[in-house]
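S.K.: Sequence and predicted structure, then a few things I'm wondering about:
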Amino acid sequence: MDYGREINGYVYNGKPTLVAVDHLYNVLDTPNTISILKDKYPGCSVTCYPDSSGKNASTRGFTVSDISLLKQAGFHVKYPRKNPPIMSRVLAVNSALKTGLVRVNVDRCPKLTEALEEQAFSESTGLPEKNPGASIDDTNDSFGYGIHFLYPIDRKVFRAKDVREI
């Protein structure tokens, strides 16, 4: 990880450069994910950036939430109080990829690479298309939660009151 360096003309202090070097897919639930991560990375510190709706009790019959399961497994879990707007997450991912803050090892993450390359957007809404049964949008959603958490696109919004007081 690099800290406090210039990337494409922008200085990022205290922000690491992340590289996707592995991608789990076709994993059906959180307990299975935990088991796989513990087997693949024994003794490593794991930080998860889940969908914030994972703090609710699971609909798969578990009495504890997915986030609680991740914490009980000893993982560091970081998530916002509520999920960011879809386009905020998309813009954060695009910006992080463009500036080099986030990189993807295309040889080790072929499904993630494919999902990033093939994401379609609806002409009517401008939002990413959701295809039932297809994992492209799910893959991009999950990839984007951590990126948005670490590298949000902060947009300062002024209310009329704020402007009048200046």
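M.R.: Received it, and whenever you're ready, just let me know what you need.
S.K.: tally of neighbours for T63?
M.R.: Neighbours of T63 under the rule other C-beta atoms under 10 Å: 7. C-beta: built from backbone N, CA, C; applies to glycine.
S.K.: same question, D107
M.R.: 8.
S.K.: residues in contact with the one residue sitting closest to the centre of the chain?
M.R.: The centroid of the chain falls nearest to Y145 when counting by C-alpha atoms, centre = their mean (2.4 Å). Taking C-beta atoms under 8 Å, 6 or more residues apart in numbering, we find Y145 in contact with Y49, P50, D51, Y79, N83, R89.
S.K.: Which of the helices or strands spans it?
M.R.: helix 136-150 (DSSP states H and E).
S.K.: Check V90 too.
M.R.: Going by DSSP H and E, V90 is in helix 86-99.
S.K.: and which of the contacts of Y145 is nearest R103?
M.R.: Y49 (16.7 Å; C-beta to C-beta).
S.K.: so that closest one touches H76, yeah?
M.R.: No: using C-beta atoms under 8 Å, Y49 is not in contact with H76, being 9.5 Å away.
S.K.: ok, which stretches of this structure are helices?
M.R.: 30-40, 66-72, 86-99, 110-118, 136-150, 160-164 (DSSP state H).
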